[in-house]
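Chemist: Dropping the sequence and predicted coords here.
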Amino acid sequence: MSIIVFSENRSEKIKKSSLEAVAYATNISKNTQQAVVSVSIGNVPNEELEILAKYGASKIISINAPEWQTHDSQAYAKLLNEITEKENASTIIFTNSNIGKAVAPRLSVRLKAALVSGIVSIPSSYSPLTLKRKSYNGGAFQNVQVKSPKAVLTLNPNSCEVVENPQAVNIENYTPNTPTNFQTKIESTDVTSGKIILTEASIVVSGGRGLKSGDNWKPLEELADALGAGLACSRPVSDEGWRSHEEHVGQTGKIIAPDLYLAVGISGAIQHIGGVSASKVIVAIDRDKDAPIFKYADYGIVGDAFEVLPRLIESVKKFKNI
Amino acid sequence: MKILVCISNVPDTTTKIKFDDGMKSLDTNGVQWVINPWDEFALTRALEIKEQSSGKIEKVSVINVGTVSTEPTIRKALAIGADDAFRIDCEPSDSYTIAAQIAEVAKNENYDIIFAGIESSDFNAGAVGSMIAEFMDIASVSSVSSFEFNNGDITLKREIDGGKETVKIQTPFVAIVQKGICINPRIPAMRGIMMAKTKPIKVSSPVSTEALSEALSFEVPPPKADCKMIDAENTDELIELLHSEAKVL
């Protein structure tokens, strides 16, 4: 038996969340005596694929045919089904990413395997598999037991530890039998290269209505640059059109779990907290000392954003010697 | 052409979440029930598309898997503008069983486009839409933030890492939608509320399925320690604390 990990890449690099997933699979494999098989779709060089072995994959299936490089959820689910059979897999693990969310539920139906999504910690039991997942937008966790012989899991990024467990490198270049008659036709792609992905970022800097206008984002961008952080905003900011919807973090926007979340001029409505409460450390800067955000923050500064930000940028630059 | 919008009945998003029955179920005392926010976005967009379609889209229906207690939420969807509704009369268990029920109706009633929200604000599983598509063996597009219907020609935008992809697709398919799909969710007007009273809710019995997972219990996160306040003049101290105490820099 084996555990399959669907590994994602961006700009020919394996994503950090996929290394978390391999480490997670390795944890299950040690408790259930199974092999970890990583599947990679796309043009990823072998020396990059080898990283998967470093974190515990004893086999790496690489599919680099160009026709598989655009994503069709239906075809991807069939492909993963094919590999599940080929590798006699019991458990298939995805990241709770755009692709993971799109493919994992379909695969679950195909395999008649329980889907447990948004997992936040290692299993509390391996037989039967019992997992802790996020629910109520971070207001609670739910313990779920798998009842089917197979299981499909999705892991929340930044919630499981990356632990090395080096294996001999074993890369299999694979040509799938699944046909590529995709129903979705990609017309165009609009990607900002080098942009930090919010759901993957270790540090996120976020601005709210307290910044008063979309024209005032310069200092926040500067702070994000200095910290190497992703840039986010609260719901009113994206609803007003000051920033794009992709930057909205909160219950109806993106759900993030960085090591450090720095909220500037965000009062902290419960819907906002729902999207950021899994952050390890929250820093709040707001002029209103009674703002609810301070109830959720670990560190707080009461003050005017436009006065605090320039000083904070200086402090960061001093700390980083830039 | 016909559109089916999946509607989940969830606690209002400002609800203080508490559990009872040994942490096994939600304490529903004082809970206000609403349409899941993403489903509300989906319904709004479906109605906008129908109105702009010059009759090409003949109706927008909603569907819910739930007991009679969910009918006020279904009525709200009808008041917002859905033409009719289905309710599969059972207590929803896992995503798999819910999707199996909805897929059965969507297939039998020949819906061309099925809308589902990217997740429900209670269990956050984010699975039902894609599962329906797999049960029906039709295409699905996830993380959809724009849906254009132009004389039967459908163009979607879906979110990918660091950007967006523009996708063309033929019916039938499932669109799993997120933020951006509509600007402001519609709210029921008095006329809509009156009309909703006479719109049909077709109640049917569930088809037989078996849940693949079992929810054992809930846990609430431990309470947060007090926020450490730092003087606004002293940003160096904040950076130092983030480095040496919190160890995140």
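Modeler: Nice, thanks for sending it over. Numbers count the residues shown, from 1 in each chain, chains lettered A, B, ... in the order given.
Chemist: List the residues that contact residue 246.
Modeler: Picking chain A for this. A:198, A:254, B:159, B:164, B:180 (CB atoms under 8 Å, 6 or more residues apart in numbering or on different chains). C-beta here means a position set from N, CA and C on the backbone, and glycine is covered the same way.
Chemist: Correction: the question concerned chain B.
Modeler: Residues in contact with B:Ala246 (CB under 8 Å, 6+ apart) are A:260, A:280-281, A:298-299.
Chemist: Return the distance of the longest strand belonging to chain B from the chain's centre.
Modeler: Ranked by number of residues, the top strand in chain B under DSSP state E is strand B:139-150. Centre-to-centre, strand B:139-150 and its host chain are 15 Å apart (CA atoms, centre = their mean, to the nearest Å).
Chemist: Please put the alpha-carbon coordinates of that strand into PDB.
Modeler: Taking C-alpha atoms only, strand B:139-150 is exported to PDB below (Å, rounded to 0.1, in the frame of the first residue of the first chain):
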ATOM      1  CA  ALA B 139     -17.000  19.300 -16.100                       C
ATOM      2  CA  SER B 140     -16.400  21.700 -13.100                       C
ATOM      3  CA  VAL B 141     -14.600  24.900 -12.800                       C
ATOM      4  CA  SER B 142     -13.500  26.000  -9.300                       C
ATOM      5  CA  SER B 143     -12.500  29.300  -7.700                       C
ATOM      6  CA  VAL B 144     -14.600  31.100 -10.300                       C
ATOM      7  CA  SER B 145     -14.500  34.900  -9.700                       C
ATOM      8  CA  SER B 146     -16.200  36.000 -13.000                       C
ATOM      9  CA  PHE B 147     -19.000  34.500 -15.000                       C
ATOM     10  CA  GLU B 148     -20.100  36.000 -18.400                       C
ATOM     11  CA  PHE B 149     -23.000  34.600 -20.400                       C
ATOM     12  CA  ASN B 150     -23.000  36.100 -23.900                       C
END
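Chemist: tell me which residues of it are tucked away?
Modeler: Going by neighbour count (16 or more other CB atoms under 10 Å in any protein chain shown), the buried part of strand B:139-150 is B:139-147, B:149.
Chemist: which residue sits closest to residue 135 in space, ignoring its chain neighbours?
Modeler: With no chain named, the answer covers chain A. Closest residue to A:Ser135 apart from its sequence neighbours, by CB to CB, 6 or more residues apart in numbering or on different chains: A:Gln142 at 4.4 Å.
Chemist: The chain in question should be chain B.
Modeler: Once flanking residues are discounted, B:Phe135 sits nearest to B:Ala103: 3.5 Å by CB to CB, 6+ apart.
Chemist: give me the element the one you found is part of.
Modeler: B:Ala103 is located in helix B:95-108, with elements delineated by DSSP states H and E.
Chemist: quick revisit: want to try CSV for the contacts of B:Ala246, with distance to chain B and neighbour count as columns?
Modeler: Output for the contacts of B:Ala246, formatted as CSV (distance: CB to the nearest CB, whole Å; neighbours: other CB atoms under 10 Å in any protein chain shown):
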residue, distance to chain B, neighbour count
A:Leu260, 4, 22
A:Lys280, 6, 16
A:Val281, 5, 20
A:Asp298, 6, 22
A:Tyr299, 5, 22
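Chemist: Please parse chain A into its domains.
Modeler: With domains defined by automatic domain parsing, chain A comprises A:2-173, A:203-320.
Chemist: ok so, going back, the buried residues of strand B:139-150: which ones sit near chain A?
Modeler: Contacts with chain A within these, counted by CB under 8 Å from any CB of the partner chain: B:139-143, B:145.
Chemist: so which pair among those is furthest apart in space?
Modeler: B:Ala139 and B:Ser145 (17.6 Å; CB to CB).
Chemist: Checking the residue lying closest to A:Ala291 once chain neighbours are set aside next. Helix, strand or coil?
Modeler: Using CB to CB, 6+ apart and skipping the chain neighbours, the partner closest in space to A:Ala291 is A:Ser267 (4.6 Å). Of the three states, A:Ser267 takes coil under DSSP: H, G, I helix; E, B strand; the rest coil.
Chemist: on that earlier part again, quick one, what contacts the residue nearest to A:Ser135?
Modeler: A:132-135, B:123, B:215, B:217-219.
Chemist: Just the buried residues of the residues you listed.
Modeler: Buried among the contacts of A:Gln142 by 16+ other CB under 10 Å: A:132-135, B:123, B:215, B:217-218.
Chemist: need those residues in JSON lines with distance to B:Gly30, can you?
Modeler: What follows is the buried ones among the contacts of A:Gln142, written out as JSON lines (distance: CB to CB, whole Å):
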{"residue": "A:Lys132", "distance to B:Gly30": "27"}
{"residue": "A:Arg133", "distance to B:Gly30": "26"}
{"residue": "A:Lys134", "distance to B:Gly30": "24"}
{"residue": "A:Ser135", "distance to B:Gly30": "19"}
{"residue": "B:Phe123", "distance to B:Gly30": "20"}
{"residue": "B:Ala215", "distance to B:Gly30": "22"}
{"residue": "B:Ser217", "distance to B:Gly30": "22"}
{"residue": "B:Phe218", "distance to B:Gly30": "18"}
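Chemist: okay if I get those residues as CSV plus secondary structure and distance to A:Asp72?
Modeler: Formatted as CSV, those follow (DSSP: H, G, I helix; E, B strand; the rest coil; distance: CB to CB, whole Å):
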residue, secondary structure, distance to A:Asp72
A:Lys132, strand, 32
A:Arg133, strand, 27
A:Lys134, strand, 28
A:Ser135, strand, 29
B:Phe123, coil, 27
B:Ala215, strand, 32
B:Ser217, strand, 38
B:Phe218, strand, 36
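Chemist: nearest to A:Arg311, of those?
Modeler: Using CB to CB, the buried ones among the contacts of A:Gln142 come closest to A:Arg311 at A:Lys134, 35.4 Å.
Chemist: which residue packs closest to the closest one, ignoring adjacent ones?
Modeler: Nearest residue to A:Lys134, sequence neighbours excluded (CB to CB, 6+ apart): A:Gly118, at 4.5 Å.
Chemist: which phi and psi does the closest residue to B:Asp112 other than its chain neighbours have?
Modeler: Leaving aside its sequence neighbours, B:Asp112 sits nearest to B:Thr171 (CB to CB, 6+ apart; 4.1 Å). Phi and psi for B:Thr171, reported as degrees, to the nearest 10, are phi -80, psi 160.
Chemist: contacting residues for B:Thr171?
Modeler: Residues counted as contacts of B:Thr171 (CB under 8 Å, 6+ apart) are B:1, B:112-113, B:154.
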